[in-house]
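Trainee: below are the sequence and a predicted model for it; my questions follow.
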Amino acid sequence: MAGFDGKVIALTGGVGGAKLARGLTEVLSPDQLLIVANTADDFEHLGLSISPDLDSVMYALADQNDTERGWGLAGESWQAMESLKALGGDDWFRLGDKDLATHLWRSQLLRDGHSLSDTTRLLCQALGLHHRLIPMSDDPVRTLVATERGELGFQHYFVREQCEPKVSGFRFAGIETASPAAELMDWLADDRLAAIVICPSNPFVSVDPILQLQGVRAAMQASPAPVVAVSPIVGGMAVKGPAAKMMEELSMPASADAVAQWYGDLLNGYVMDIVDRNLASSLSVPNKVIPTLMSSLASKRKLALDVLDFSRHLN
Ligand code: GDP
């Protein structure tokens, strides 16, 4: 980016965060940007290792994501799913034919002894990506959702139960022993680090697992680089997904300022959508009010530029 010196870390979940990550790849060079994706949504299904957030970001960075459906690959077909259903197999987690190839190959690479970060690097290379996308950890962490119907694995809650059961909390199994990605810790300690961007992702199930990895929050706080989050809540609603519903069920107001309060003193800056401009004066953290809906490549690029420009004026 002309005029932006230094390195940037972007913490992201899947579809929402991927949009800003794509914008950041437009304005930062590959050696300036590290995109770190949540892996607590990962699960094993039909013998396959599935990493939904890594894949959402990877497909978005490669401009191969389906923007209408909102997840998976564009130009997808569903023959394997139909055949699976006809055989009486589990078909609640939709896997397109092309997407299946990603899961087959990732699963094979993992079985061959590659780490998840190695596997991600190979997949990203194969898709022609130059920017770095890494999993938050190579160790398994699994989100468990406490609901009125008992504790559910994340994908069972999210996909099979369509986020219907009321949630009362989350647990990240394996988080105490999982090591954060070494590259993330190196970048956090790098004196060329100029900004840490928390993408507009679900704060509870996409961003929190990354923040809860041993040493990550402390390293973010110790870094002189400002931490800037972009609100995933716009006008009291999630653009997509259960973030607002979760907030209500967790007895928080579903609002952009409540997300900032939830991140608390981790933040040095907060970006909210212009529809939420009336909330700006109630925030104690420096904030910027701008359009944050990313429906086109131009809007992703613009938000990335605005977030970086804002971060430059913090600290
Ligand atoms: P998931 O893991 O696929 O659910 O995706 P994320 O956690 O990365 O993102 C989900 C969040 O992204 C939701 O809370 C959405 O409201 C938010 N989101 C999606 N698109 C946009 C957008 O264009 N702008 C903003 N500000 N938030 C968005």
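Mentor: Thanks, I have it.
Trainee: C-alpha from now on. contacts and neighbour counts both.
Mentor: Noted.
Trainee: what about Ala101, how many neighbours?
Mentor: 12 (other Cα atoms under 10 Å).
Trainee: what score does it have for pLDDT?
Mentor: At Ala101, the model reports a pLDDT of 98.
Trainee: any idea how far it is from the ligand?
Mentor: Taking Cα to the nearest ligand atom, to the nearest Å as the measure, Ala101 falls 20 Å from the ligand.
Trainee: repeat that for Ala219.
Mentor: In terms of Cα to the nearest ligand atom, Ala219 sits 22 Å off from the ligand.
Trainee: can you tell me the element that residue falls in?
Mentor: helix 216-222 (DSSP states H and E).
Trainee: low-scoring stretches of this structure, by residue?
Mentor: Low-confidence segments of the chain (pLDDT under 70): 1-3, 315.
Trainee: sketch out the strands for it, chain order is fine.
Mentor: 7-12, 33-37, 43-45, 48-50, 132-135, 142-147, 150-153, 167-173, 193-198, 227-230, 233-234, 237-238, 269-273, 287-290 (DSSP state E).
Trainee: now tell me what touches the helix holding Ala219 from outside.
Mentor: 180, 185, 188-189, 196, 210-211, 227, 266 (Cα atoms under 8 Å, 6 or more residues apart in numbering).
Trainee: okay if I get these as CSV plus distance to the ligand?
Mentor: Output for the contacts of helix 216-222, formatted as CSV (distance: Cα to the nearest ligand atom, whole Å):
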residue, distance to the ligand
Pro180, 19
Met185, 21
Leu188, 21
Ala189, 25
Ile196, 16
Ile210, 12
Leu211, 14
Val227, 16
Leu266, 18
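Trainee: pull out the buried residues from the residues you listed.
Mentor: 180, 188-189, 196, 210-211, 227, 266 (16 or more other Cα atoms under 10 Å).
Trainee: surely Lys245 touches Ser255?
Mentor: No. The pair Lys245 / Ser255 is not scored as a contact, 10.8 Å apart, by Cα atoms under 8 Å.
Trainee: ok, which stretches of this protein are helices?
Mentor: 15-27, 52-61, 79-86, 97-111, 116-126, 154-155, 182-188, 208-212, 216-222, 243-249, 256-263, 297-312 (DSSP state H).
Trainee: okay, buried residues for the longest one please.
Mentor: Within helix 297-312, the residues scored as buried using 16+ other Cα under 10 Å are 299-308, 310-311.
Trainee: do the same with the fourth one
Mentor: For helix 97-111, a neighbour-count test (16+ other Cα under 10 Å) marks 97-100, 102-103, 106-107, 109 as buried.
Trainee: spell out which parts of this protein neighbour the ligand.
Mentor: Proximity of the chain to the ligand is confined to 12-17, 53, 200-202, 206, 231-233, 238-241, 243, 292-294 under the rule Cα under 6 Å from any ligand atom.
Trainee: can you tell me, leaving aside adjacent residues, what's nearest to Thr147?
Mentor: Val167 (4.3 Å; Cα to Cα, 6 or more residues apart in numbering).
Trainee: what about the one you found, neighbour count?
Mentor: For Val167, using other Cα under 10 Å, the count is 22.
Trainee: same question, Arg69
Mentor: For Arg69, using other Cα under 10 Å, the count is 9.
Trainee: check contacts around the closest residue to Asp139 other than its chain neighbours.
Mentor: In space, Asp139 comes closest to Ala178 once its chain neighbours are excluded; the distance is 5.2 Å by Cα to Cα, 6+ apart. With contact set as Cα under 8 Å, 6+ apart, Ala178 has these partners: 137-141, 213-214.
Trainee: pull out the buried residues from the residues you listed.
Mentor: Buried members of those, scored by 16+ other Cα under 10 Å, are 137-141, 213.
Trainee: count of residues packed around Ser251?
Mentor: For Ser251, using other Cα under 10 Å, the count is 10.
Trainee: for stretch 292-305, what is the distance to the chain centroid?
Mentor: 16 Å (Cα atoms, centre = their mean, to the nearest Å).
Trainee: quick one: contacts of that stretch?
Mentor: 19-24, 26-27, 230, 272-274, 291.
Trainee: now swap in stretch 276-283 and tell me
Mentor: In contact with stretch 276-283 (Cα under 8 Å, 6+ apart) are residues 234-235, 256-257, 260, 287, 289.
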